[in-house]
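>>> Here you go, sequence then predicted model.
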Amino acid sequence: MIAHKGLKNRPTSGTKGRMVKTTSFSCSACGATHTRWSGRCDACGEWNTITQDAPLSTGPAKKSLGGKRGQSIVLSDLSTEETPPPRTLCGVEELDRVLGGGLVPASALLVGGDPGIGKSTLLLQAAARFARTGLKTIYVSGEEASAQVRMRARRLGLEDAPVQLAAETNLRDILTTLEAEKPGLAIIDSIQTMWADNVDSAPGSVSQVRAAAHELTSFAKRHGVSIIMVGHVTKEGQIAGPRVVEHMVDTVLYFEGERGHQFRILRAVKNRFGPADEIGVFEMTGKGLAQVTNPSALFLSERGKPSPGSAVFAGIEGTRPVLVELQALVSPSPHSQPRRTVVGWDSGRLAMILAVLEARCGIPFAGLDVYLNVAGGLKVSEPAADLAVAAALLSAREDTALPADTVVFGEISLSGALRPAPQTENRLKEAQKLGFTSAIAPAGGKTGTVAGLTLTRPSDLVGFVGETFGAG
């Protein structure tokens, strides 16, 4: 073909003055976007997971969130009638705590967790609790038939709960039912099974998940209905689908726990109406999930007599203090590359603690395998666990047990200095309530007056090693 001069950069007929429509592709496994299709996703490495995205509807909503469409409202001019109604408590203190003090009307929540961890069990119990308080509740299952949900409710002793059940995956039919029934709470189990007929892709794809979440969230805001959506997770533990879904909703909850433990932890990762990183602790029983009002006593219940490599950490999860046992094991490595295995903590932070111990205190861990575990299946993320981890590592390395009645907490800096942890007084009060008589915490920070508790306050890591293990 011969290119004519002057026609190379000229727009094609019919496209002048209009934006060219682009096509995007997304990975159904990790949600990464691509400009063109390929057989393998560059972000997660999965094969045959990239699909074409269908454009969402750009039409205006039927009703704006405040006032007339296109008009704004001054915050001070809001009348009492426009103020949202108060929160609804379900009666389960652990769930109400994670929600920030109860269920907020017209809110959208997303709950994620591993398969079989107990998401459906928890939400069915929560639906029964809310329904018994007078809140009209509809439980929509896209994975089970109504008879199967009823069978699970009978096993949990909830067969007499006034909860309406529905087994449906068509999003249009679900929204029509919700608009006709006008419930106060709707539970969608799960968002990956929902199918929008205006999106040309398979259920569970990125386009379908995004479209379903958008429609359900918009419906919740327009009609004042609280909607809880269940989301599947990937093998990395993240909610499957695009991350934009987590930005759409008001609250994101993760249901955590190890299969070998009976403890289950509901953690608020995002909450527009309450504190983030708040946790609720549950115990899996034959009658479903039972709340644990004192998680510290539960996490320390299996702790035996003092042994090397064990340290009790006084942590803060959200607004509540939680005591948990950190376990360490240090042994000679038969390999040229020593192992560093961590369960329930950040592996990168463990490498930093080992480097500080060697550089500032002269205690090497070269040629030694290091294993660290947080007992009970809890995941600890706050830096205040640094000093407890160092204590557990040194106890395992020196084969010396720490006193059984001692708690440890504090942050370690790269210089070897110890930084005080926030809410020191609350940590000490929780330790004193559980019978601990001594605590090791960095100098500084408000401690208050805690009767019967001996406090040791080293200023740096060298002083801590010298006072606790007689070295350094």
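Structure received. Residues are numbered from 1 along each chain as shown.
>>> quick one: Glu256 from Val233, how far?
Computed as CB to CB, to the nearest Å, the Glu256 to Val233 distance reads 10 Å. Every residue, glycine included, has its C-beta placed from N, CA and C.
>>> Check Val209 too.
Applying CB to CB, the value for Val209 to Val233 is 13 Å.
>>> Name the residue in those two with the higher neighbour count.
Under the neighbour definition other CB atoms under 10 Å, Val209 and Val233 were set side by side, and Val209 has more, 31 against 18.
>>> looking at it, that one is touching Thr193, isn't it?
No. Under the criterion of CB atoms under 8 Å, Val209 is not in contact with Thr193, lying 9.9 Å apart.
>>> And the protein, what are its domain boundaries?
Per the record, the chain has its domains at 87-292, 298-469, by automatic domain parsing.
>>> any chance of the ones you listed in TSV, with mean pLDDT and distance to His34 too?
Listed next are these as TSV, based on pLDDT from 0 to 100; distance: least, CB to CB, whole Å:
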stretch	mean pLDDT	distance to His34
domain 87-292	91	11
domain 298-469	91	29
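>>> Each with direction, which strands does the strand of greatest length in the chain pair with?
Looking across the chain with DSSP state E, the single longest strand is strand 320-332. Strand pairing for strand 320-332, using DSSP bridges, gives strand 310-317 (antiparallel), strand 368-374 (antiparallel).
>>> Flag every buried residue along that strand.
Neighbour-count burial for strand 320-332, counted by 16 or more other CB atoms under 10 Å, picks out Arg320, Pro321, Val322, Leu323, Val324, Glu325, Leu326, Gln327, Ala328, Leu329, Val330.
>>> Arg272: which of these is nearest?
Using CB to CB, Arg320 is the member of the buried residues of strand 320-332 that sits closest to Arg272, with 20.2 Å.
>>> Pick the most deeply packed of the strands paired with strand 320-332.
Highest mean neighbour count among those (mean count of other CB atoms under 10 Å): strand 310-317, with a mean of 25.
>>> follow-up on the earlier one: switch the strands paired with strand 320-332 over to JSON lines; also include distance to Thr217.
Shown next, in JSON lines, are these (distance: least, CB to CB, whole Å):
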{"stretch": "strand 310-317", "distance to Thr217": "28"}
{"stretch": "strand 368-374", "distance to Thr217": "35"}
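>>> tell me what the top helix by length along the chain is packed against?
Counting by DSSP state H, the longest helix found in the chain is helix 206-223. Under the contact definition 3 or more CB pairs under 8 Å, 6 or more residues apart in numbering; DSSP states H and E, helix 206-223 sits against strand 25-27, strand 50-52, strand 108-113, helix 171-181, strand 226-231, helix 244-248.
>>> Compute the inter-axis angle for the helix or strand just after the longest one and strand 226-231.
It refers to helix 171-181. On the C-terminal side of helix 171-181, the closest following helix or strand by DSSP states H and E is strand 185-189. Inter-element angle recorded for strand 185-189 and strand 226-231: 10 degrees (by axes from the mean of the first three to the mean of the last three CA atoms, to 10 degrees).
>>> just so I know, which of the helices and strands packed on helix 206-223 lies nearest Phe464?
Phe464 sits nearest to strand 108-113 of all the helices and strands packed on helix 206-223, at 37.8 Å, using CB to CB.
>>> Tell me the strands beside that closest one, with direction?
Within its sheet, and counting by DSSP bridges, strand 108-113 is paired with strand 226-231 (parallel), strand 251-256 (parallel).
>>> what's the closest non-adjacent residue to the residue nearest the centre of the chain?
Taking CA atoms, centre = their mean, the centroid of the chain lies closest to Tyr254, which sits 3.5 Å from it. Nearest residue to Tyr254, sequence neighbours excluded (CB to CB, 6 or more residues apart in numbering): Arg267, at 4.9 Å.
>>> Give the phi and psi angles for the one you found, as a check.
Here is the backbone geometry of Arg267 (degrees, to the nearest 10): phi -120, psi 130.
>>> Identify the residues contacting the closest residue to Asp399 other than its chain neighbours.
The shortest distance from Asp399 to any non-neighbouring residue, by CB to CB, 6+ apart, is to Pro308 (4.9 Å). By CB atoms under 8 Å, 6 or more residues apart in numbering, the residues touching Pro308 are Ser395, Ala396, Glu398, Asp399, Thr400, Ala401.
>>> Rebuild the strands paired with strand 108-113 as CSV, extending it with distance to Gly157.
As requested, those are exported to CSV (distance: least, CB to CB, whole Å):
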stretch, distance to Gly157
strand 226-231, 21
strand 251-256, 21
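>>> Pretty sure Tyr371 sits against Thr341.
Yes. Using CB under 8 Å, Tyr371 is in contact with Thr341, at 4.8 Å.
>>> show me the contacts for Cys41.
Listed by CB under 8 Å, 6+ apart, the contact partners of Cys41 are Cys27, Ala29, Cys30, Ala32, His34, Trp47, Thr49, Ile50.
>>> just the helices in the stretch 1-150 of the chain please.
With helices called from DSSP state H, counting those that start in this stretch, the stretch 1-150 of the chain shows them at 93-98, 119-132, 146-155.
>>> how much does the second one deviate in direction from strand 251-256?
The one in question is helix 119-132. 130 degrees.
>>> Show me what helix 119-132 is in contact with.
Identification of contacts with helix 119-132 by CB under 8 Å, 6+ apart yields 88, 90-92, 95, 103, 111-113, 137, 139, 144, 149, 152-153, 156, 158, 161-163, 184-185, 187, 189, 228, 230, 255, 264, 266, 282, 288-289.
>>> Same question for the first one.
Contacts with helix 93-98, where a contact means CB under 8 Å, 6+ apart, come from 89-90, 102, 122, 126, 129, 253, 266-268, 274, 278-282, 291-293, 318-320.
>>> still on that earlier bit, dump the helices and strands packed on helix 206-223 into a markdown table; add distance to Ala366 and mean neighbour count as well.
Output for these, formatted as a markdown table (distance: least, CB to CB, whole Å; neighbours: other CB atoms under 10 Å):
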| stretch | distance to Ala366 | mean neighbour count |
| --- | --- | --- |
| strand 25-27 | 41 | 21 |
| strand 50-52 | 44 | 18 |
| strand 108-113 | 39 | 25 |
| helix 171-181 | 58 | 16 |
| strand 226-231 | 43 | 26 |
| helix 244-248 | 42 | 16 |
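>>> Now do Ala220 against Ile138, distance only.
According to CB to CB, Ala220 and Ile138 sit 13 Å apart.
>>> Buried among the contacts of Cys41? Make that a ChimeraX selection.
In ChimeraX syntax, the buried subset of the contacts of Cys41 is picked out as below (16+ other CB under 10 Å):
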select :27,29,30,32,34,49,50
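>>> What is the nearest of the contacts of Cys41 to Ala417?
Cys30 (39.7 Å).
>>> Return the residues in contact with the closest one.
Cys41, Ala43, Cys44, Glu46, Thr49, Thr234.
>>> Tell me which of the strands paired with strand 320-332 sits nearest to Ala385.
Among the strands paired with strand 320-332, strand 310-317 comes nearest to Ala385, with 5.3 Å by CB to CB.
>>> List the contacts of that closest one.
With CB under 8 Å, 6+ apart, strand 310-317 has contacts from 267, 277-279, 300, 303, 321-328, 380, 382, 384-385, 388-389, 391-392, 395, 401-402, 406-409, 421-423, 426-428, 430-431, 436, 439.
>>> If burial is judged by neighbour count, which of those pass?
Buried among the contacts of strand 310-317 (16+ other CB under 10 Å): 267, 278-279, 300, 303, 321-328, 380, 384-385, 388-389, 391-392, 395, 402, 406-409, 421, 423, 426-428, 430-431, 436, 439.
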